[in-house]
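Peer 1: mind folding the following:
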Amino acid sequence: MGKYFGTDGFRGEANKNLTFEHAVQIGRFLGWYYGANQGKKAKIVIGKDTRRSSYMFEYALCTGLMASGADAYIMHVTTTPSVAYITRVDDFDCGIMISASHNPYYDNGIKLLNGNGEKMDEETIRLVEDYIDGKVEVPIAERDAIGRTVDYVAGRNRYIGYLISMSKYSFKDVRVGLDVANGAAWQIAKGVFDALGAKTYVINDNPDGYNINTDCGSTHIEHLQQFVLDKKLDVGFAYDGDADRCLCVDEKGNVVTGDHILYIYGLYMKERGKLLNNKVVTTVMSNFGLYKALDKVGIEYEQTKVGDKYVYENMVTNGHRIGGEQSGHIIFTKYATTGDGILTSLKMMEVLLAKEKPMSELAAPVVFYPQVLKNVRVKSKPDAQNDPDVQKAVAKVAEELGDKGRILVRESGTEPVIRVMVEAESDELCEKYVDGVIDVIREKGHMA
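Peer 2: You can find the predicted model right below:
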């Protein structure tokens with residue numbers, strides 16, 4: 001990760017950690033880097049979510065881009081995956097999404113995508129950061145070289161058409177609930193489900209600039225659970241602020257997590273001979289119950305570091321077709337270059353209709369193991385992680401758990417913290433094993 005950009009863009013509180021000036025600088029550099037630097041006029045597409053500050057950042061980015069000679073195509077309020085899709089299919093030099101995903105309204109973020117609609121490479125990110133830090137200079141465009149803005153709501157409409165084309169089935173008479181989190185999906189999701197014939201019921205679809213993700217969406221799925229029960233719906237889908245993740249609710253009001261989705265659609269692919277390499281890609285934080293369920297149906301899996309960026313990199317490198325996170329970032333590389341919440345919900349509808357089974361039955365084989373995760377503040381993450389006695393304690397827990405659980409000890413990417421996580425058959429066992437490892441960390445003097 002860089003000085004400003006993390007695994008999911010440059011994120012911070014608007015005009016505190018991430019400022020108007022930062023956005024202008026990012027636009028200035030990208031406009032020059034993809035344009036005059038390569039002897040042409042750059043074309044860059046921009047989308048935003050519903051945060052009040054997203055409008056400010058949109059104008060700031062456009063100002064920087066035009067000053068460097070680029071044309072800025074504005075998709076207005078739209079989802080992260082829609083920007084990724086349009087960047088790729090309409091041959092833009094790069095794409096920019098203004099969003100802080102599931103964070104509260106006062107935060108915001110700038111996500112950069114390359115011309116293929118993938119997260120920007122680290123080398124280009126470092127160049128952007130060097131410009132922000134004043135290490136390089138970029139010329140101002142003059143006369144006819146100055147850029148312009150182009151209204152590109154047509155791009156969002158094209159993406160909606162693409163989503164509709166994804167469905168193999170009519171959703172006629174299926175009662176579907178959607179929680180659009182007062183975010184980027186509010187103008188897209190219902191239209192897609194309506195076009196496919198569903199009886200669509202929507203909550204949290206009245207964004208005011210301040211209520212994005214507030215007590216709604218995939219991070220507060222209890223509201224959709226109750227909504228599904230109250231309206232007697234067949235299934236519900238909840239998105240986050242920029243709609244790159246999706247969680248489900250079955251007809252009984254139970255949550256269907258990203259792990260369940262990986263199992264349900266992974267098995268569906270395997271049954272049709274579509275699961276290339278017979279593998280599903282997860283992060284290390286997927287529940288042990290997912291792996292037990294995959295083992296039973298003969299599906300293999302690979303694990304990556306936490307972050308959909310790493311999941312996607314693994315999938316592209318190894319030719320895998322489905323991967324994701326428990327939080328609902330699900331990636332289908334045949335159809336998208338990023339997690340796509342609405343696409344994920346359409347794929348789950350496909351399984352529901354193809355198998356003619358309720359969602360509760362499809363998700364039933366994944367039985368979550370109890371999990372305890374505790375954070376330990378330490379003086380040095382590498383010293384604590386690599387201490388022979390700590391490693392011995394971890395190995396002992398792993399041996400005792402055998403195939404009935406697992407232990408994971410990892411470093412936080414942003415804090416001086418070691419995370420100790422155990423999944424086992426009971427909460428008591430989890431607590432016992434986690435506390436045992438933490439005791440060794442304490443005894444060896446690593447705690448801050």
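
Peer 1: so what's Ser360 closest to, chain neighbours aside?
Peer 2: Spatially, and ignoring its direct neighbours in sequence, Ser360 is nearest to Asp250 (4.1 Å; CB to CB, 6 or more residues apart in numbering). Every C-beta, even on glycine, is put in place using the N, C-alpha and C of the backbone.

Peer 1: let me fix that: Ala141
Peer 2: Gly69 (3.4 Å).

Peer 1: contacts only, for the one you found.
Peer 2: Gly31, Trp32, Gly35, Ala36, Lys41, Ala42, Ala141, Ala145, Ile146, Gly147 (CB atoms under 8 Å, 6 or more residues apart in numbering).

Peer 1: and the strands in the stretch 301-448 of the chain?
Peer 2: 322-324, 330-332, 371-377, 406-411, 417-423 (DSSP state E, counting those that start in this stretch).

Peer 1: just give the strands next to the second one in its sheet, each with its orientation.
Peer 2: Yep, that's strand 330-332 we're talking about. According to DSSP bridges, strand 330-332 has the following sheet partners: strand 322-324 (antiparallel).

Peer 1: repeat that for the third one.
Peer 2: Strand pairing for strand 371-377, determined by DSSP bridges: strand 417-423 (antiparallel).

Peer 1: picking up where we left off before, which one of the contacts of Gly69 is nearest Ala198?
Peer 2: Ala42 (40.0 Å; CB to CB).

Peer 1: what about the chain, any weak spots by pLDDT?
Peer 2: Under the criterion pLDDT under 70, the flagged ranges of the chain are 1, 413-414.

Peer 1: and it, what are its domains?
Peer 2: Domain ranges of the chain: 5-155, 166-363, 371-443, per automatic domain parsing.

Peer 1: now do the last one: distance to the chain's middle.
Peer 2: Right, domain 371-443. Counting by CA atoms, centre = their mean, to the nearest Å, domain 371-443 is centred 26 Å from the centre of its parent chain.

Peer 1: related to what we said a few turns ago, hang on, the residue nearest to Ala141 in a strand?
Peer 2: No: counting by DSSP: H, G, I helix; E, B strand; the rest coil, Gly69 is not found in a strand; it is coil.

Peer 1: tell me how many other residues crowd Arg175.
Peer 2: A total of 17 residues lie near Arg175 under the criterion other CB atoms under 10 Å.

Peer 1: same question, Ala354
Peer 2: 13.

Peer 1: thought it was touching Tyr265?
Peer 2: No: between Ala354 and Tyr265 there is no contact under CB atoms under 8 Å: 10.8 Å.

Peer 1: circling back to that earlier point, next step: the contacts of Gly69 restricted to helices.
Peer 2: Mapping the contacts of Gly69 onto helices (DSSP state H) picks out Gly31, Trp32.

Peer 1: selection in PyMOL covering whichever of the contacts of Gly69 are buried, please.
Peer 2: Buried residues within the contacts of Gly69, by 16 or more other CB atoms under 10 Å, are selected in PyMOL with:
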select buried, resi 31+32+35+36+41+42+141+147
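
Peer 1: tell me which of the contacts of Gly69 is nearest to Glu431?
Peer 2: Nearest to Glu431, judged by CB to CB, of the contacts of Gly69 is Gly31 at 54.0 Å.

Peer 1: tell me how far that closest one lies from Val153.
Peer 2: For Gly31, the distance to Val153 (CB to CB, to the nearest Å) stands at 22 Å.

Peer 1: what do you get for Gly27?
Peer 2: Gly27 is 20 Å from Val153, where distance means CB to CB.

Peer 1: the two: who's more crowded?
Peer 2: Between Gly27 and Val153, Gly27 has the larger neighbour count (other CB under 10 Å), namely 28 against 14.
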